[in-house]
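K.L.:
quick one, what's the 3D model for this:
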Amino acid sequence: MLTHHIQHAIIQKLVTNDGLTFSDLKPDDIDNKLFTYHLKITIREGLVEKVADHYQLTSSGQKLWKRIKESPEKLASRSLSILYLMVHSKRQGWLLYTRKTHPLKDKIAFMHAYPRADLSIVESAKYEAKQKTGLDCDFKILGSGFFRTFESGELLSFTNFSFLECKEPRGKLLVNDPHATYEWVQNPDFSSSEMLPNMQKLMEVYSEGRFPFFIDEIFEV
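P.N.:
As a prediction, this is how the structure comes out:
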């Protein structure tokens, strides 16, 4: 969104100031017309707004700066919030998905989803399941924790997860997920090398039946 170093400098200067006039915001060594051109772009993009005779960041500008100021290394080491959705029924078995994207492409696991800011965790799970599989699921939260997955010492994934269960979903499986394939499996081997490495641990704590649980595990693939 910021295509020029002048635009970047405008955002950076406004981050540390509640509001600046044009003369305070413009560096002395930049031509007025050139600076005005780039200032108008930041306004057009919704990053900066003019209030009276002062310029200030919009909420979008503040959010953009928060994203771009962080190094890729810091972002990579931050945990990703994930919902693991365990869906099963006596007649059809366990609903498993196979990843179609890296990392961990072709690995099998329970359905993954992301929590939504406008919904509760249970509502988010129900919504995502319906969107991706066409199934109507009533979920309950069983536990949570952290998973770190490494390959040859390199971090592949770091997730802060919530584990939810749905028994006896309603409807027909109609897959609408470009990132995975789905199928019902009657007797899956959760310790298989084809499974994501955290699957066996999830099933271990599930079989113990002590809810809610919290686990913090490291895996190597």
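
K.L.:
and the strands in the protein?
P.N.:
When assigned using DSSP state E, the strands of the chain occupy the ranges 48-51, 54-57, 80-89, 93-99, 108-109, 111-113, 140-151, 154-167, 180-185, 213-220.

K.L.:
make TSV from those strands and add mean neighbour count, distance to residue 27 and mean pLDDT to it.
P.N.:
For glycine as for every other residue, the C-beta is placed from the backbone atoms N, C-alpha and C. Listed next are those as TSV, based on neighbours: other C-beta atoms under 10 Å; distance: least, C-beta to C-beta, whole Å; pLDDT from 0 to 100:
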stretch	mean neighbour count	distance to residue 27	mean pLDDT
strand 48-51	14	16	94
strand 54-57	19	14	94
strand 80-89	20	39	96
strand 93-99	19	49	96
strand 108-109	22	52	97
strand 111-113	22	47	94
strand 140-151	17	45	94
strand 154-167	18	40	92
strand 180-185	15	50	96
strand 213-220	13	49	94
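
K.L.:
in JSON lines, list the ones you listed along with distance to residue 39.
P.N.:
Listed next are these as JSON lines, based on distance: least, C-beta to C-beta, whole Å:
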{"stretch": "strand 48-51", "distance to residue 39": "7"}
{"stretch": "strand 54-57", "distance to residue 39": "7"}
{"stretch": "strand 80-89", "distance to residue 39": "36"}
{"stretch": "strand 93-99", "distance to residue 39": "45"}
{"stretch": "strand 108-109", "distance to residue 39": "49"}
{"stretch": "strand 111-113", "distance to residue 39": "41"}
{"stretch": "strand 140-151", "distance to residue 39": "44"}
{"stretch": "strand 154-167", "distance to residue 39": "39"}
{"stretch": "strand 180-185", "distance to residue 39": "45"}
{"stretch": "strand 213-220", "distance to residue 39": "48"}
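
K.L.:
closest to residue 19 out of those?
P.N.:
Nearest of the strands of the chain to residue 19, taken as C-beta to C-beta: strand 54-57 at 3.5 Å.

K.L.:
so which of the strands of the chain gets nearest residue 195?
P.N.:
strand 108-109 (5.1 Å).

K.L.:
what does the closest one contact?
P.N.:
Residues outside strand 108-109 that contact it (C-beta atoms under 8 Å, 6 or more residues apart in numbering) are 84, 96, 97, 98, 99, 188, 192, 194, 195, 196, 198, 199.

K.L.:
what's near enough to touch the fifth one?
P.N.:
Contact criterion C-beta under 8 Å, 6+ apart gives 105, 106, 107, 108, 109, 179, 180 as the residues in contact with residue 99.

K.L.:
and the two most separated of those residues?
P.N.:
108 and 179 (13.7 Å).
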